[in-house]
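Novice: predicted model and sequence follow; I will ask about them next.
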Amino acid sequence: MNSKQLISRDIELFYNRASEETRLDRGMGVFEFERIKSLVEKYIPTSSSKIIDIGGGTGKYSEWLAKKGHHVHLVEPVSKHIQIAQNRANRLKNKFSVHLGEGRKLEFPNDYADLIILHGPLYHLQKKEDRDLAISEAKRILKNDGIILGFAINYTASTLVGLLNGLIHKKPFFEMCKEELVWGMHNPPDDFPWLLAEAFYHKPEQLKDEFINQGLTYLNTYAVEGMAWLDKEYFANMLNNKKRRTLMELIQVTENDSYLLPFSPHMMIAVQKRYNYGK
């Protein structure tokens, strides 16, 4: 199947131009990788779980989970990523399996997985009905009491970046920010080809509602970077052990503070599939 049928052409082009493989190896990416691993670890149910990594990119998280002894399936719509992920899986003793596909149509049976990670569908699907479909598919293949961890981009993300680096004063950038703040719609202007392709940026409450409306039980929402990245010497300070400890403590103290969530570019929601046995 051609992956261009699975996702929009703009998203395919964005990932063919960008390097998802090296992004987690440098700058903010290194911290993001370690931080997300620590968040996922809070919810891994058993020592050998069935985990589905949807929108799993080049397989860095799948590889980490497989090395911990889990039974992992990666689902990804970008052909370029599939090839890299397959090569990565082939090098492991406990291989993870790689599937070309996307979140709205999953080739897994009902009640199959212990844990599902949604690592792209929530922001790459701009239409609510498409996100609803991805959430209901995740719920369908999840076992009773299973957990979904969904990663989303905050509606304030571009605006905060724009304020910190002066881009907010460039008219096309500001127009983009206004659309995100009011409607959640992220469409990068032609002048900024390096920005993420078309996406949807959530308000924290809206993210919660999209899961609750599908009959899933809300557990918590976590700030991924938190407000620590607002430190103007963030990158230098993350390389300094003492200052890094301060920033990490700040993130931990505020990670579930609903008032401070909009200061974090990314957030993770945790929900559970629970049946109500006539209670």
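Specialist: That came through, no problem. Residues are numbered from 1 along each chain as shown.

Novice: how distant is stretch 177-195 from the center of its chain?
Specialist: 18 Å (C-alpha atoms, centre = their mean, to the nearest Å).

Novice: what about the longest strand in the protein?
Specialist: Criterion DSSP state E: the longest strand present in the chain is strand 142-153.

Novice: show me what that one packs onto, helices and strands only.
Specialist: helix 28-41, strand 113-118, helix 121-124, helix 128-141, helix 204-212, strand 266-272 (3 or more C-beta pairs under 8 Å, 6 or more residues apart in numbering; DSSP states H and E). Just so you know, the C-beta spots here come from the backbone N, C-alpha and C atoms, and that holds for glycine as well.

Novice: parallel or antiparallel, list what pairs with the last one.
Specialist: Strands adjacent to strand 266-272 in the sheet, as given by DSSP bridges, are strand 142-153 (antiparallel), strand 217-223 (antiparallel).

Novice: returning to what we had before: can you give me the angle the longest strand of the chain makes with helix 128-141?
Specialist: Here the directions of strand 142-153 and helix 128-141 differ by 150 degrees (axes from the mean of the first three to the mean of the last three C-alpha atoms, to 10 degrees).

Novice: about what we covered before: redo the helices and strands packed on strand 142-153 as TSV? Include distance to residue 178, mean neighbour count and mean pLDDT.
Specialist: Converted to TSV, the helices and strands packed on strand 142-153 look like this (distance: least, C-beta to C-beta, whole Å; neighbours: other C-beta atoms under 10 Å; pLDDT from 0 to 100):
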stretch	distance to residue 178	mean neighbour count	mean pLDDT
helix 28-41	25	16	86
strand 113-118	27	25	98
helix 121-124	18	26	92
helix 128-141	20	18	97
helix 204-212	17	18	98
strand 266-272	21	22	97
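
Novice: so where's the protein shaky on pLDDT?
Specialist: 1-29, 276-279 (pLDDT under 70).

Novice: again, 50 this time
Specialist: Residue ranges of the chain with pLDDT under 50: 1-4, 277-279.

Novice: okay, now the domains of it?
Specialist: The chain breaks down by the TED database into domains covering 9-153+203-273, 155-201.

Novice: other SSEs contacting the host helix or strand of residue 174?
Specialist: Element membership for residue 174 (DSSP states H and E) is helix 171-183. Under the contact definition 3+ C-beta pairs under 8 Å, 6+ apart, helix 171-183 sits against helix 157-165, strand 185-186.

Novice: which among these is found nearest to residue 227?
Specialist: helix 157-165 (9.5 Å; C-beta to C-beta).

Novice: buried deepest among the domains of the chain, which one?
Specialist: domain 9-153+203-273 (a mean of 18; mean count of other C-beta atoms under 10 Å).

Novice: ok, back up a step: other residues contacting the helix holding residue 174?
Specialist: With C-beta atoms under 8 Å, 6 or more residues apart in numbering as the test, helix 171-183 has contacts from 155-159, 162, 167-168, 185-192, 195, 201.

Novice: mind redoing it with 10 Å?
Specialist: 126, 153-163, 166-168, 170, 185-192, 195, 199-201, 203 (C-beta atoms under 10 Å, 6 or more residues apart in numbering).

Novice: and that helix, how far from the chain's centre?
Specialist: With C-alpha atoms, centre = their mean, you get 22 Å for helix 171-183.

Novice: all further residue positions should be reported with the first residue as 27.
Specialist: Sure, I'll start counting at 27 from here, so that last one is helix 197-209.

Novice: export it to CSV, keeping only CA atoms.
Specialist: C-alpha atoms of helix 197-209 as CSV (Å, rounded to 0.1, in the frame of the first residue of the first chain):
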residue,chain,number,x,y,z
LYS,A,197,2.7,38.9,10.2
PRO,A,198,2.3,35.4,8.6
PHE,A,199,3.6,33.8,11.8
PHE,A,200,1.2,35.8,14.0
GLU,A,201,-1.7,35.0,11.7
MET,A,202,-0.9,31.3,12.1
CYS,A,203,-0.7,31.7,15.9
LYS,A,204,-4.2,33.3,16.0
GLU,A,205,-5.7,30.4,14.1
GLU,A,206,-4.1,28.0,16.6
LEU,A,207,-5.3,29.9,19.7
VAL,A,208,-8.9,30.3,18.5
TRP,A,209,-9.5,27.2,16.4
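
Novice: and residue 109, what does it touch?
Specialist: Per C-beta under 10 Å, 6+ apart, neighbours of residue 109: 84, 124.

Novice: what helix or strand is it located in?
Specialist: Secondary structure (DSSP H and E) places residue 109 in helix 105-116.

Novice: nothing else from me, thank you.
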